[in-house]
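Participant: task: produce atomic coordinates for the following.
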Amino acid sequence: MEPILVRNLRKLLMMSMDCQIPLEKIDLIQSELGLPKNFKSYLIPRYPEFFSIRDVKGLDHLCLESWDSSLAVTAREENLNFEGFQTCCRGIPKDGNFLGPFAFKLKYPAGFRPNRKYLEEVVRWQKMAFPSPYLNARRVEPATPQARKRAVAVLHEILSLTMERRLTSDKLDVFHNEYRLPCKLLLCLVKNHGIFYITNKGARSTVFLKEAYENSNLINKCPLLKFHDLFASLIGRPCSISNIPLEI
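Facilitator: Okay, the predicted model is just below:
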């Protein structure tokens, strides 16, 4: 599983402002990324060509040593097969899904009935070009529609790099400075409810990537999660995301 872990860490660093993230923040999402608890002492030193740990203003940061343009491709772009998307160019798709290079897969609740004006705005948004999440955010003009759409793409990519395609909202917000996330993060997530699902079950709200789920079931489990579930079944424990009482 090590190549997957290394690849995902490199992608997280490549998206950040200065290709570096405080280690204490990586620690916060260590389990969601599938990293071993000793990743700082075991995994990082094994790949000096990719990673280094440096003191930045009194804090240890995980830093990227080399950029790889082949990794600067988002999960959204990798999945551009458009299966089930609206293929006809005439009219407005009833579910908001649009065939295009800058479109996101949308999944609205079964009872959601948007009017035509709403869908027209969604299609305009789907067509709008935006900078890649792997482009340094300093090169993006802030407070523009393109920058706001890029922020959605960054959130989409961060969630795509987790094992279960979900994170609590407070853990996402911790990375505000590194990824220039929206100041009103929850408002951004709610406005894009066709992409993200937020549940307040428990002490913290959790953000799910909707396209990764069919009702409460994760559609395509990553190899790390399959391995985890196999090990859990061998010792008689339930799988990691079974019986989630949600309808995403």
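
Participant: pull out the buried residues from the least confident helix or strand in the chain by mean pLDDT.
Facilitator: Ranking every helix and strand in the chain by mean pLDDT, DSSP states H and E puts helix 223-234 at the bottom, with a mean of 84. By 16 or more other Cβ atoms under 10 Å, the buried positions in helix 223-234 come out as 224, 225, 228, 229. All C-beta spots, glycine's among them, are computed from the backbone N, C-alpha and C.

Participant: looking at the residues you listed, spot the one nearest residue 7.
Facilitator: residue 224 (11.3 Å; Cβ to Cβ).

Participant: ok, that closest one - contacts?
Facilitator: 1, 4, 5, 34, 163 (Cβ atoms under 8 Å, 6 or more residues apart in numbering).

Participant: got the domain boundaries for the chain?
Facilitator: Annotated domains of the chain cover 2-71, 73-248 [automatic domain parsing].

Participant: one step back: now the buried residues of helix 223-234 in CSV, with distance to residue 145?
Facilitator: Compiled in CSV, the buried residues of helix 223-234 are given as follows (distance: Cβ to Cβ, whole Å):
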residue, distance to residue 145
224, 36
225, 35
228, 39
229, 41
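
Participant: and stretch 205-212, which residues are buried?
Facilitator: 206, 207, 208, 209, 210, 211, 212.

Participant: contacts for that stretch?
Facilitator: With Cβ under 8 Å, 6+ apart, stretch 205-212 has contacts from 105-107, 155-156, 159-160, 165-169, 172, 186, 189, 194-199, 218-220, 246, 248.

Participant: before we move on, the earlier item: which among the contacts of residue 224 end up buried?
Facilitator: 5, 34, 163.

Participant: JSON lines for these, including pLDDT, secondary structure and distance to residue 99?
Facilitator: Converted to JSON lines, those look like this (pLDDT from 0 to 100; DSSP: H, G, I helix; E, B strand; the rest coil; distance: Cβ to Cβ, whole Å):
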{"residue": "5", "pLDDT": "95", "secondary structure": "helix", "distance to residue 99": "34"}
{"residue": "34", "pLDDT": "92", "secondary structure": "coil", "distance to residue 99": "33"}
{"residue": "163", "pLDDT": "93", "secondary structure": "coil", "distance to residue 99": "30"}
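
Participant: residue 128: which of those residues is nearest?
Facilitator: The nearest member of the buried ones among the contacts of residue 224 to residue 128, counting by Cβ to Cβ, is residue 163 at 30.8 Å.
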